[in-house]
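In: Could you look at this predicted model? Sequence included:
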Amino acid sequence: MSELALGGLLIGALVFFVLIGLHIAVALTAVGFAGIWLIREDVDMAMRLMYLSAYNGVADYIFATIPLFVLMGLLVSISNVGKDTFDVAETLLRRLRGGLGVATVAANTVFAAVTGVSIASAAVFTRVAVPEMVSHGYRANFAAGTVAGSSVLGMMIPPSLLLIIYGVLAEQSIGTL
């Protein structure tokens, strides 16, 4: 069998694995391992390359920050800090016109800055702020847009995950940034 035909067969196997519900990472690993094994006809080489790719994927210290920020976002969302932050901002800004929207932006920005991950902030405030805003007469698409827009603000406030990745790639001090 030619290498081109084998490549097509492996891509078909990858699509099949994904369609039957196998996790993408597992499917990619299995197909990559099988491809190297079949093309080079060397199981030891395939094992070494799999080991090296796994090691190089986590060897850089920047990749240690990503799971820690995600863990921080998970802990903060489970502990209802997002709802508490929203309640405080709502109480402080209640008298302003559109105060609930302003409170959503303020609380979401603070939450996103603390967790460093805008996706966690958007997920929490979609459950916390959108129903509250809709019950107070805001349109659902406006409430969702307010949450989506304000969750992105947290990425610009240090120490965000984006800032850390930028600092490492640009070879700048994270503390200075």
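Out: Received it, and whenever you're ready, just let me know what you need. Residues are numbered from 1 along each chain as shown.
In: Could you chop the protein up by domain?
Out: Split into domains by automatic domain parsing, the chain comes to 3-59, 62-163.
In: could those go into a markdown table alongside distance to Leu169?
Out: C-beta: built from backbone N, CA, C; applies to glycine. Output for the domains of the chain, formatted as a markdown table (distance: least, CB to CB, whole Å):
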| stretch | distance to Leu169 |
| --- | --- |
| domain 3-59 | 16 |
| domain 62-163 | 8 |
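In: Among the ones you listed, single out whichever gets nearest to Glu171.
Out: With CB to CB as the criterion, Glu171 lies closest to domain 62-163 of the domains of the chain, at 11.5 Å.
In: pLDDT score for Asp84?
Out: Listed pLDDT for Asp84 reads 77.
In: Distance of it relative to Met1?
Out: 61 Å (CB to CB, to the nearest Å).
In: out of the two, which sits in the more crowded spot?
Out: Of the pair Asp84 and Met1, Asp84 is the one with more neighbours under other CB atoms under 10 Å, namely 13 against 7.
In: For Ala107, see how far away the more buried one is.
Out: From Asp84 over to Ala107 the distance is 9 Å, taken as CB to CB.
In: got it, and Ala143?
Out: According to CB to CB, Ala143 and Ala107 sit 13 Å apart.
In: which residues are common contacts for the two?
Out: Residues touching both Ala143 and Ala107 (CB atoms under 8 Å, 6 or more residues apart in numbering) are Ala129.
In: what about the helices in the protein?
Out: Counting by DSSP state H, residue ranges of the helices within the chain are 3-19, 24-40, 43-59, 62-78, 81-92, 99-115, 118-135, 140-153, 161-169.
In: any idea how far the longest one is from the chain center?
Out: Going back to what we said before, that points to helix 118-135. Relative to its chain's centre, helix 118-135 lies at 16 Å (CA atoms, centre = their mean, to the nearest Å).
In: Have a look at this structure and report the helix or strand with the lowest mean pLDDT.
Out: Least confident helix or strand, the chain: helix 62-78 with a mean of 71, by mean pLDDT, DSSP states H and E.
In: tell me, what residue is most central in this structure?
Out: Nearest residue to the geometric centre of the chain (CA atoms, centre = their mean): Ile119, 5.6 Å.
In: which regions of this structure sit below the pLDDT cut-off?
Out: Applying pLDDT under 70 to the chain flags residues 58, 60-64, 66, 73, 77, 82.
In: Repeat the analysis, applying 80 as the threshold.
Out: Along the chain, the parts satisfying pLDDT under 80 run over 1, 54, 56-87, 89-90, 93-95, 110-121, 154-165, 168, 174, 177.
In: Look up how far Val152 lies from Ser173.
Out: Separation of Ser173 from Val152 (CB to CB) stands at 25 Å.
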